[in-house]
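S.K.: predicted model, plus sequence, below.
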Amino acid sequence: MLSDQELERYARHILLRDVGGLGQQKLKAARVLIIGAGGLGSPVLAYLAAAGVGTLGVVDDDVVSLSNLQRQIIHDSDAIEQPKVASARHSLKRINPHVTVHAHQIRLDAANGAAIVADYDLVVDGSDNFDTRYLVADLCEQAEKPLITAAVGLFDGSITMLKPYEVNDKGQLNPRYRDLFPHKPTPGSIPSCAEAGILGALTGVIGSMQAVEVIKEIVGLGEGLVGRLVLYDARAARFETIKYRRRHDKD
C-alpha cells in the first residue's frame, strides 16, 4: 500500500488514467536492475527513483572521475574517487527515501551475472562496451527477464527492448540481441567516448527514454520496443525507427 506521503509524492502519476493508484503500486513492488551508473544509468536511476520504483539495483565497478561529471548527472564533485554505486545510492536516497537501492560494486561477468539478474524483474543495460551488452542480453534471455538496452555515440543514440523468450502476435519468437547485431565490432573499430568525446546531454535523452520504457513495461501501458530499434540523431534533431525480427537460422 502507498502511504499518505507517497500518495502526495506520486500524485501526478496517479492522476494519469493509464497509471493510477494500481500502476503506482506496481512500480513500488517492482525490482529493476541497471547495468552501469554512468551516462545512461544516471538518468535511468534518477527518474526511476523519482517515479517510485521500489527496488533499484545498480552494477558498476568504477569510481567517479572529474571527466564523468559532464554527463553522469547522478554524481557530483564531492563524489570524485568514490565508487559510482555508492555515489548513486547516496543521490537516489536524497531523491526518494522510499526506494531501496542495492549497490553491486562488481564487474558483471558470466560467473556472477546469472544470480544477480535472477533477483530482479527487469534489466536496463546502460553499459559502454559490447562485451557487456552481449553478456547482459544472454543472461536476460536465459533468465527470461525483459531487457531495455541502449547505446550512444558522439551525437547519436539507439534504444530497443528484448524479450526473445516470448512470441509475437504471429506466433514467432521475438528477436535476440544477436539478430540486431550478429557480430561484435572489431576491437578498436569504434572509439570510446574517452577517445572521441560525447555530447553530454545526449545521454540524458536516451537514458530518459529507457526510464520511460521501464515504467511502461511495469505498469503495462502503451507499446514496447520489442522488434523496433529507435535511432536518434542529435545533430539533425531526428528520430527514426527500424523494425527487425528473429533470424530464421536462430530459431
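M.R.: Structure's in. What do you need?
S.K.: check which helix or strand the nearest residue to Gly113 once chain neighbours are set aside maps to.
M.R.: What sits nearest to Gly113 in space, not counting adjacent residues and going by CB to CB, 6 or more residues apart in numbering, is Leu139, at 4.7 Å. Heads up, the C-betas are built off the backbone N, CA and C, glycines and all. Using DSSP states H and E, Leu139 sits within helix 130-143.
S.K.: cool, Val101 as well?
M.R.: Val101 belongs to strand 100-104, assigned by DSSP H and E.
S.K.: list the buried residues in the helix or strand just after that strand.
M.R.: The helix or strand immediately downstream of strand 100-104 is helix 110-118, counting by DSSP H and E. Residues of helix 110-118 classed as buried under the neighbour-count rule (16 or more other CB atoms under 10 Å) are Gly113, Ile116, Val117.
S.K.: whichever helix or strand comes after helix 110-118 pairs with which strands, and in what direction?
M.R.: Next in sequence after helix 110-118, counting helices and strands by DSSP H and E, comes strand 122-125. Strand 122-125 has the following strand partners under DSSP bridges: strand 31-35 (parallel), strand 147-152 (parallel).
S.K.: how about the helices of the protein, start to end?
M.R.: Secondary structure of the chain (DSSP state H): helices located at 4-9, 11-14, 20-29, 41-51, 84-95, 110-118, 130-143, 177-180, 193-196, 200-219.
S.K.: and the ones you listed, which is most packed in?
M.R.: Of all those, helix 41-51 carries the top mean neighbour count, a mean of 24, counting by mean count of other CB atoms under 10 Å.
S.K.: so Tyr120 touches Val58, yeah?
M.R.: No. Taking contacts as CB atoms under 8 Å, Tyr120 lies outside contact range of Val58: 10.9 Å.
S.K.: which one's more surrounded, these two?
M.R.: Taking other CB atoms under 10 Å, Tyr120 and Val58 do not tie; Val58 has more neighbours (28 against 20).
S.K.: contacting residues around Ala103?
M.R.: Ala103 makes contacts with Gly57, Val58, Pro83, Val85, Ala86, Ala88, Arg89, as judged by CB atoms under 8 Å, 6 or more residues apart in numbering.
S.K.: wait, isn't the fifth one in contact with His104?
M.R.: Right, Ala86. No. In this structure, Ala86 is not within contact of His104 by CB under 8 Å, at 11.2 Å.
S.K.: and the pLDDT at the closest residue to Thr149 other than its chain neighbours?
M.R.: Distances taken as CB to CB, 6+ apart put Asp125 closest to Thr149, at 4.1 Å, once the chain neighbours are dropped. Asp125 carries a pLDDT value of 98.
S.K.: ok, now how distant is Asp125 from Arg176?
M.R.: Using CB to CB, to the nearest Å, one obtains 14 Å as the distance from Asp125 to Arg176.
S.K.: common neighbours of these two, please.
M.R.: Common neighbours of Asp125 and Arg176 (CB under 8 Å, 6+ apart) are Ala137.
S.K.: which one of the two has more residues nearby?
M.R.: For Asp125 versus Arg176, neighbours defined as other CB under 10 Å are more numerous around Asp125 (27 against 19).
S.K.: show me the contacts for the more buried one.
M.R.: Ile35, Gly36, Thr132, Arg133, Val136, Ala137, Leu147, Ile148, Thr149, Ala150.
S.K.: let's see 7 Å
M.R.: Listed by CB atoms under 7 Å, 6 or more residues apart in numbering, the contact set of Asp125 reads Ile35, Arg133, Val136, Leu147, Thr149.
S.K.: who does it bridge with?
M.R.: Applying DSSP bridges to Asp125 gives these bridge partners: Ile35, Thr149.
S.K.: what about stretch 216-228, average pLDDT?
M.R.: pLDDT averaged over stretch 216-228 gives 97.
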